[in-house]
Every structure is written in C-alpha cells, then in structure tokens.
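Colleague: how would this look folded up:
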Amino acid sequence: MNEKIEKIRQYAQHLRAEIELHNYRYYALDNPTIPDADYDKLLRELQHIEQDYPQLITADSPTQRVGAAPLKAFSQIVHRMPMLSLSNAFEAVDVEAFDRRVCEGLSVDNVEYAVEPKFDGLAVSLCYEDGIFKTGATRGDGYTGENITLNLRTIRSIPLLLPVWNPPPLLEVRGEVLMLKADFLALNQRQSAKGEKEFANPRNAAAGSLRQLDPGITAARRLTFFAYGVGDYQDGDMPLEKHSQVMAYLAALHFPIAKECGVVKGAQELLAYYQAIEVQRTRMPYDIDGVVYKVNSLAQQERLGFVSRAPRFALAHKFPAQEAITQLLGIDIQVGRTGALTPVARLKPVFVGGVTVTNATLHNADEIERKDVRIGDSVIVRRAGDVIPEIVSVILEKRPPDVRVFVMPEHCPVCGAKAVRLVDETVSRCTGGLFCPAQRKQAILHFASRRAMDIEGLGDKLVEQMIDQRIARTPADLYKLGLSALANLERMAEKSAGNILRAIEKSKQTTLARFIYALGIRNVGEATAKDLAAHFGSLDRLIEAGSERLQQIPDIGPVVAQSIADFFAEAHNCEVIEQLRACGVHWNEHEGISALAGNTKPLQGKTFVLTGTLPAMSREEAKEKIELLGGKVSGSVSRKTDYVVAGADPGSKYDKAVNLGITILDETGLLALLQ
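Modeller: Numbers count the residues shown, from 1 in each chain. Below you'll find the model as predicted:
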C-alpha cells in the first residue's frame with residue numbers, strides 16, 4: 001500500500017472513531033455534543049472516501065450499519081426485518097439526481113412518490129400479534145434494538161388493541177416517538193421549578209423520556225407516536241399496491257399519521273412539497289428536520305431494492321441545519337424600549353438555518369449562569385425559522401483556559417443611568433426612563449397617551465419621525481415644538497400640525513395623578529399614581545420621599561417603592577421634569593392625605609356623580625379632590641348616590657337626581673364641602 005493510500009486509510013479510521021463516539025453520545029447517552037449537520041458532514045466525508053477507495057471499507061464502518069448498540073440495561077429484540085435509515089439530500093440537485101436514478105432503474109419517464117414530513121424523534125418498531133400490542137423496540141443498530149415495550153405502553157397515541165374484528169396474526173408498525181413543542185415547554189418548566197436539568201430540545205427530551213428504566217417516569221412525560229410505515233406482517237387485509245394506501249390503512253387502525261402526507265409526481269413536485277413544508281415548519285406542533293420521499297408503488301419499491309444501508313426507493317431531503325457550532329467572541333448589552341438590559345452574544349460568523357448568524361440572544365444573567373456560558377467558549381447555536389438565534393449549550397470539552405466570566409453592568413450602556421434588578425424580575429433595567437435614547441419612543445408615546453397627558457394625534461408613526469428628525473428627545477421637547485418643524489414631517493400639513501400643537505397646549509393643564517402616571521415609572525400604573533397624588537398632594541414631596549416612607553402608603557410594597565425611589569434618584573429624570581414645569585405643564589396641588597390629622601378621610605363612604613361643565617375646574621380635578629378626602633365618584637345616578645355636582649348643561653343625570661331627591665351641588669357648594 002503506497003504512502004498516499006496509507007494516509008487516507010488512517011484518516012478514514014479517524015473519521016470512523018469520531019463518528020462512533022458521536023453515535024454513542026447521540027443514541028446511547030441522549031447527550032449529543034455536535035449538531036446534526038456537523039455529524040452529517042463527517043458521515044458524508046467518510047462515504048466519499050469509501051466510494052473512491054472501496055478497498056478501505058471495513059465491516060465495522062458506520063456506513064455499513066445504523067445507529068449504535070443498545071443499552072445493556074434493556075433486554076434486546078432482534079428486528080424481524082432490518083430497520084435501515086435513509087440516504088440524505090441537502091440540495092435540489094440531489095433530489096433531481098434521485099428522481100433520475102429511480103426513473104432509470106424502473107425504465108419509466110415519471111414516478112409517483114409518497115411524501116411526508118421527516119420527524120425529529122426516536123424511531124421505534126411496534127409488533128402486534130392477533131391485534132394485541134406485544135413488543136416494542138428502538139431501532140438500535142438497525143438489526144437489534146432495545147426492548148422498551150413497557151415504556152411504549154404508556155404512550156396514549158399507541159393503540160394497545162387494534163380496532164378490527166378480524167385482526168392480523170402479525171403486524172409490525174414502524175414510526176417515530178416524539179414530544180410536541182407545547183409538551184416540551186411544559187416539561188422544561190417543571191424541570192426548572194424542581195431545580196433539575198432542562199432538556200436542550202424536544203428530540204433529546206423524547207429520547208431521554210422513552211429510554212427510562214422506570215416506566216413511571218416515561219408515563220409522567222407526554223410523548224406522541226406517529227406511524228410512517230410497516231415492517232414484517234401477516235395480514236390479508238393490508239393493501240399491497242401503494243405506500244399511500246398502507247398509510248391510510250394504518251390511520252384506519254387508529255395509528256396517528258402526519259396530516260401533511262401526500263402524493264406527488266416527478267422531481268419538480270418533490271421540490272415544491274419540500275418548499276411548502278419548510279414554510280409551515282415553525283407553525284407545526286412538532287419538530288421536523290426535513291421531508292421524506294418514497295416511491296409510492298410497493299412493486300416498484302421491490303424492483304429498486306436496497307444498497308448496503310438504505311433503500312434505493314426513498315430519500316430524506318433535509319432542511320438547512322438549525323444548529324451549528326461556533327465561538328462566542330463577546331457579550332454586548334442591548335437596551336430595549338422599556339429599559340430592559342438584554343445580553344446579546346457576539347459570535348464568530350456561522351451558517352445556520354439558511355442564514356449567516358453573528359449574534360444570538362442570551363435572555364438574561366440567570367440564563368447565562370444556568371448554561372455556564374463564558375466568553376471564548378465553543379457553543380451550539382440554534383435558529384428555527386424566523387426565531388431569533390439562541391445559544392443552546394456550551395461544549396465544555398472544547399473550553400479554552402482563558403475564557404472569561406460575564407458580569408452584568410451596573411449602569412445602562414446607552415445613557416449611563418443606574419441599572420437595577422428588582423427582586424421579582426429576571427432582567428436588569430435602566431432607570432433613566434425619561435432621557436435614555438433607547439427608551440425615547442416608548443417614553444414619549446406613554447407620556448402622550450390618553451390616560452396620561454392625553455395629547456390627541458400624537459401617534460406611533462409621528463413620534464418615530466420626530467425622534468428620527470431629532471426634534472424630540474424627551475417628553476419636555478413636545479412643549480418646545482414649532483409649527484414649521486411639525487409641518488415639515490411626512491404626511492403632516494399645517495392644519496394637522498396646528499391641531500397637534502393645540503392638543504399639546506391643552507395638555508399643559510393636567511392633574512398630579514395623570515402627570516405621575518405619564519412619567520412612566522416602572523410598576524406605577526393609574527391606580528398607584530392616584531394613590532401617590534392623594535397621599536403627597538405635591539410632586540416635590542413625592543420626589544423627596546424615600547423607599548421607606550413610600551411603603552407606608554397602602555398597597556405599595558418594597559418593589560414598587562424601590563422603582564419610584566430609583567426613578568427620582570436619577571438627576572436626568574428630575575431635569576426633564578423641571579423642563580416640563582418650565583414649559584408650563586401644571587396641576588393643582590394640596591396638602592395631601594399624609595398631612596391630615598390621623599389620616600382621616602371625611603368623605604369616606606360618600607358617593608358623588610359629576611355632570612355638566614364646571615366653571616373653574618375640570619372633572620378630573622374635581623374627581624381628584626373628592627377621592628383625596630375618601631369620596632367615590634360614580635358614572636351613574638342611583639338611590640345610593642349622596643351628591644350630584646352639576647355644572648352647565650347637566651343633562652339627564654341632573655333630572656334623575658331631582659326625581660330621587662338627591663342633594664345637588666354647584667362648583668361653589670362642592671368647594672365648600674371639600675373645605
């Protein structure tokens with residue numbers, strides 16, 4: 001043997017050893033350390049070598065068998081017929097070549113194919129004797145599998161008794177056990193709640209659940225079975241003409257089959273089916289990694305026969321790899337519209353899911369710690385359809401000695417404000433809500449919303465333009481806008497601009513509760529804003545109040561109190577508030593409930609109804625004053641109403657109050673009562 005052949009032989013032996021190691025990790029341990037796409041590359045490389053140098057093929061080569069040896073913990077079952085795997089296609093030319101070979105092998109111009117999704121689960125064989133489920137096994141090495149009968153019996157989608165009067169003496173049904181996406185999410189939530197290791201993907205979860213020595217564990221995890229064919233059989237009723245008819249027969253026996261199964265003709269229809277399923281992929285309830293093409297005629301299947309490890313009449317057309325290995329180069333912080341600080345992985349570019357990926361989400365600091373992700377690690381990246389790429393796991397075997405542990409920053413990388421993580425949250429947040437550039441759009445939209453400052457006409461697209469054109473950076477800039485600046489924006493004429501300026505001017509007269517809510521303080525909604533306004537009566541008193549004093553207010557706990565204290569502790573937030581006041585935004589202030597002797601509320605239990613237009617104050621102001629003293633403001637008059645406050649043009653509420661004999665107050669009478 002010359003030197004070149006010897007080097008090729010040694011390399012082929014190296015490939016075999018590496019593939020066998022990954023087979024063991026994938027099939028026996030259910031803990032793969034490389035993505036499927038990388039495994040496929042290794043196997044294809046070995047196949048090419050053995051095709052070019054057939055004298056180097058060995059009996060123990062992975063190309064000559066399927067999978068790995070069964071676990072010794074299970075008894076073994078010899079398959080009545082070998083459970084061979086399928087040859088793979090990755091490109092359209094591979095499919096066209098397959099169709100051409102089939103047509104040439106059958107001496108025909110066109111072939112009908114049965115098509116179906118390629119499940120990403122665990123292949124199994126179910127044997128029925130006289131209609132009763134007797135034994136079930138994994139594929140194992142293709143010839144001998146693990147006896148997992150008891151575990152398979154726990155899967156409710158597998159019939160234990162065939163629903164026919166005259167059952168076949170023998171029927172071997174082949175299919176895939178998998179875990180639905182929804183069940184996978186629920187399982188990982190339970191694992192997390194118990195502090196146990198979470199599964200990387202539904203395939204690993206299904207395999208790990210199915211191959212438990214304790215069937216009770218399998219029963220506690222929801223698994224699903226889908227049939228895709230028949231092995232050995234003694235059944236006079238089974239159709240023997242087409243694979244699609246066999247699938248219909250299995251469905252009639254209550255075996256689940258994929259609803260996406262179909263029949264097509266020729267290479268172009270095969271490719272059209274592939275593209276259609278690829279579009280549906282992310283919406284399907286289970287994971288798939290490609291589609292399967294089978295010559296539909298069983299007689300033609302028999303004529304085509306098999307090669308050493310796969311049938312000539314079938315092909316698996318795989319989707320672009322959803323997982324790939326790359327290196328984590330660094331971790332950046334992305335600040336969202338609500339101030340959430342999200343760590344984003346910077347990756348060495350890698351092709352995955354049909355695109356080149358350079359970034360992946362890391363969710364939060366807890367997730368980084370749970371997965372033990374460190375800068376410099378080799379990581380497995382997953383991308384499913386349009387889903388944002390994420391780091392699935394770290395390959396610890398490849399961890400270099402100089403990796404760095406990531407620490408979440410204490411300040412916002414965009415504006416420099418303090419970043420805090422509240423006790424009930426998993427994310428850190430920037431406290432510079434009014435001035436942080438990353439939060440500008442959200443801050444202004446919330447400030448102008450109907451229940452806040454109620455600036456009519458200031459919608460999403462307009463605010464976005466204002467930010468892009470740099471005419472508004474904070475809510476205070478709204479009150480500095482001129483007609484020309486607004487009118488020059490897209491789809492904004494002078495009349496529309498004038499309407500918005502009038503709405504902005506009108507909003508200057510507001511209430512303290514509305515203004516507090518408009519600031520967008522984390523965890524401060526309308527009700528809390530009203531409580532704060534009623535308690536302090538003054539914005540300055542609220543700003544000066546610390547966390548401990550804030551917790552003295554009913555329904556305000558330590559988390560909300562800390563959010564408020566952190567917000568006002570940022571000098572830039574207070575600067576924006578001062579600018580708003582300087583621009584003319586104002587409200588009526590009062591002493592506040594905290595100043596009342598013993599915190600008494602003299603109008604406690606009294607119900608008011610407001611109707612008509614009051615001469616000197618808005619309904620909002622009147623409502624705030626009544627609620628400050630413990631009164632309740634209702635929208636309708638009833639016998640339980642104590643007072644009706646009537647202004648100009650009071651309407652039917654006034655008439656009903658007169659009929660019921662309810663006390664009617666004008667604005668002067670209301671003010672006297674409030675005194």
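Colleague: Name all residues that make contact with residue 230.
Modeller: Shown in contact with residue 230 (Cβ atoms under 8 Å, 6 or more residues apart in numbering): 171-174, 238, 246, 250. C-betas here are computed from N, CA, C, even on glycine.
Colleague: 7 Å - rerun?
Modeller: 172-174, 246 (Cβ atoms under 7 Å, 6 or more residues apart in numbering).
Colleague: quick one: contacts of the worst-scoring helix or strand of the chain on mean pLDDT?
Modeller: Lowest by mean pLDDT, DSSP states H and E among the helices and strands of the chain is helix 619-628, with a mean of 81. With Cβ under 7 Å, 6+ apart as the test, helix 619-628 has contacts from 511, 513-514, 530, 533-534, 588, 590, 593, 603, 608, 610, 614, 633, 645, 670, 674.
Colleague: Go through those residues and flag which are in helices.
Modeller: Judged by DSSP state H, the contacts of helix 619-628 include 513-514, 530, 533-534, 670, 674 as members of helices.
Colleague: got any ranges where the chain has weak pLDDT?
Modeller: 1, 24, 26-30, 59-60, 64-72, 308, 384-387, 594-600 (pLDDT under 70).
Colleague: Outline the domain layout of it.
Modeller: Here the domain parsing of the chain from the TED database is 1-64, 87-318, 322-405, 436-508, 512-597, 607-674.
Colleague: Quick one: distance of the shortest one to the chain centre.
Modeller: Put simply, domain 1-64 sits 37 Å off its chain's centre (Cα atoms, centre = their mean, to the nearest Å).
Colleague: and if you look at stretch 522-538?
Modeller: Relative to its chain's centre, stretch 522-538 lies at 34 Å (Cα atoms, centre = their mean).
Colleague: got the buried residues for that stretch?
Modeller: Going by neighbour count (16 or more other Cβ atoms under 10 Å), the buried part of stretch 522-538 is 522-524, 528-538.
Colleague: Quickly note the distance from the residue lying closest to residue 422 once chain neighbours are set aside to residue 421.
Modeller: Excluding its sequence neighbours, the residue lying closest to residue 422 (Cβ to Cβ, 6 or more residues apart in numbering) is residue 559, at 5.3 Å. Here the criterion is Cβ to Cβ, to the nearest Å. By it, residue 559 lies 11 Å from residue 421.
Colleague: Which parts of the stretch 151-300 of the chain are strands?
Modeller: According to DSSP state E, counting those that start in this stretch, the stretch 151-300 of the chain carries its strands in the segments 170-178, 224-234, 262-265, 288-295.
Colleague: Quick one: those as CSV, columns for distance to residue 160 too.
Modeller: Listed next are the strands of the stretch 151-300 of the chain as CSV, based on distance: least, Cβ to Cβ, whole Å:
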stretch, distance to residue 160
strand 170-178, 13
strand 224-234, 12
strand 262-265, 30
strand 288-295, 27
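Colleague: just to revisit the earlier point, from the contacts of helix 619-628, list just the buried residues.
Modeller: The neighbour-count test (16+ other Cβ under 10 Å) marks 511, 513-514, 530, 533-534, 590, 593, 603, 608, 610, 614, 633, 645, 670 as buried among these.
Colleague: which pair in these spans the largest distance?
Modeller: Across the buried ones among the contacts of helix 619-628, no pair lies farther apart than 593 and 614, at 23.0 Å, counting by Cβ to Cβ.
Colleague: May I ask you to confirm that residue 445 is in contact with residue 463?
Modeller: Yes: using Cβ atoms under 7 Å, residue 445 is in contact with residue 463, at 5.5 Å.
Colleague: which stretches of the stretch 501-650 of the chain form strands?
Modeller: Using DSSP E, counting those that start in this stretch, strands in the stretch 501-650 of the chain cover 607-611, 632-634, 643-646.
Colleague: okay if I get the ones you listed as CSV plus distance to residue 663?
Modeller: As requested, the strands of the stretch 501-650 of the chain are arranged in CSV below (distance: least, Cβ to Cβ, whole Å):
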stretch, distance to residue 663
strand 607-611, 10
strand 632-634, 14
strand 643-646, 5
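Colleague: For residue 5, which residues are in contact?
Modeller: Counting by Cβ under 7 Å, 6+ apart, residue 5 has no contacts.
Colleague: Repeat that for residue 431.
Modeller: 417-418, 420, 566-567, 570.
Colleague: Tell me the spacing between it and residue 397.
Modeller: From residue 431 to residue 397 the distance is 42 Å (Cβ to Cβ).
Colleague: same check, this time on residue 324
Modeller: From residue 324 across to residue 397, the span is 17 Å (Cβ to Cβ).
Colleague: Those two: which is more packed in?
Modeller: residue 324 (23 against 7; other Cβ atoms under 10 Å).
Colleague: ok, that one - contacts?
Modeller: Contacts for residue 324 were tallied using Cβ under 7 Å, 6+ apart; they are 35, 37, 350-352, 381.
Colleague: go again using 10 Å as the cut-off
Modeller: Taking Cβ atoms under 10 Å, 6 or more residues apart in numbering, we find residue 324 in contact with 34-38, 347, 350-353, 357, 379-383, 389.
Colleague: So what sits opposite it in the bridge?
Modeller: Beta bridges link residue 324 to residue 381, judged by DSSP bridges.
Colleague: Now do the same contact list for residue 548.
Modeller: Taking Cβ under 10 Å, 6+ apart, we find residue 548 in contact with 558, 561, 565.
Colleague: Please repeat the previous calculation with a cut-off of 8 Å.
Modeller: Contacts for residue 548 (Cβ under 8 Å, 6+ apart) come out as residue 561.
Colleague: ok, now residue 474?
Modeller: With Cβ under 8 Å, 6+ apart, residue 474 has these contacts: 434-435, 440, 443-444, 576, 579.
Colleague: Now flag whichever of those residues is closest to residue 42.
Modeller: Nearest to residue 42 among the contacts of residue 474 is residue 440, at 50.0 Å by Cβ to Cβ.
Colleague: Show residues contacting whichever strand or helix holds that closest one.
Modeller: According to DSSP states H and E, residue 440 maps onto helix 440-448. With contact meaning Cβ under 8 Å, 6+ apart, helix 440-448 is reached by 337-338, 433-434, 436, 452-455, 458, 460, 463-464, 466-467, 472-475, 478, 507, 518-520.
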